[in-house]
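>>> Below are the sequence and a predicted model; questions follow.
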Amino acid sequence: MTDSSADLPWSYYTEHNIPFLPFNVNLDGGSYLDDGTVSAETFFSKLRGGLAATTSQITPEQFKAAMEPLLKDLLRKVKG
């Protein structure tokens with residue numbers, strides 16, 4: 001599992017079945033997930049236009065929702 005700070009191409013995550021947790025990006029009054037919802041071109045264009053952007057980490061609830069299925073699967077494999 002990784003988060004969007006790994007900055008890998010989207011195809012890498014899918015080809016290697018890597019679970020992905022995107023950061024939250026706040027831009028132009030909206031909140032987006034750093035999962036390709038907003039293109040890099042749009043993002044940087046807005047920054048060059050003078051808009052400020054902030055990011056925030058995932059919430060504990062988001063982390064738990066992502067990790068629980070992975071841990072359950074691992075436990076199932078270990079118990080065999």
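Happy to help now that I have it.
>>> quick one, phi psi at residue 51?
phi -80, psi 150 (degrees, to the nearest 10).
>>> Now do the helices in the chain.
10-15, 40-48, 60-79 (DSSP state H).
>>> average pLDDT for the first one?
Meaning helix 10-15. Per-residue pLDDT over helix 10-15 has a mean of 88.
>>> Report the distance from it to the chain centre.
Remark: helix 10-15 is offset 13 Å from the chain centroid, using CA atoms, centre = their mean, to the nearest Å.
>>> Any chance you could list what contacts it?
For helix 10-15, contacts defined as CB atoms under 8 Å, 6 or more residues apart in numbering pick out 2, 18, 20, 36. (Each C-beta comes from the backbone N, C-alpha and C, glycine too.)
>>> my guess is the third one meets residue 9, correct?
Right, residue 20. No. Counting by CB atoms under 8 Å, residue 20 does not reach residue 9; the two are 11.6 Å apart.
>>> and the two? which has more neighbours close in?
A count of neighbours by other CB atoms under 10 Å puts residue 20 above the other of residue 20 and residue 9, at 17 against 8.
>>> Please report the distance of the closest residue in space to that one that isn't next to it in sequence from residue 5.
Spatial nearest neighbour of residue 20, chain neighbours left out: residue 13 (5.0 Å); criterion: CB to CB, 6 or more residues apart in numbering. Distance of residue 13 to residue 5, computed by CB to CB, to the nearest Å: 13 Å.
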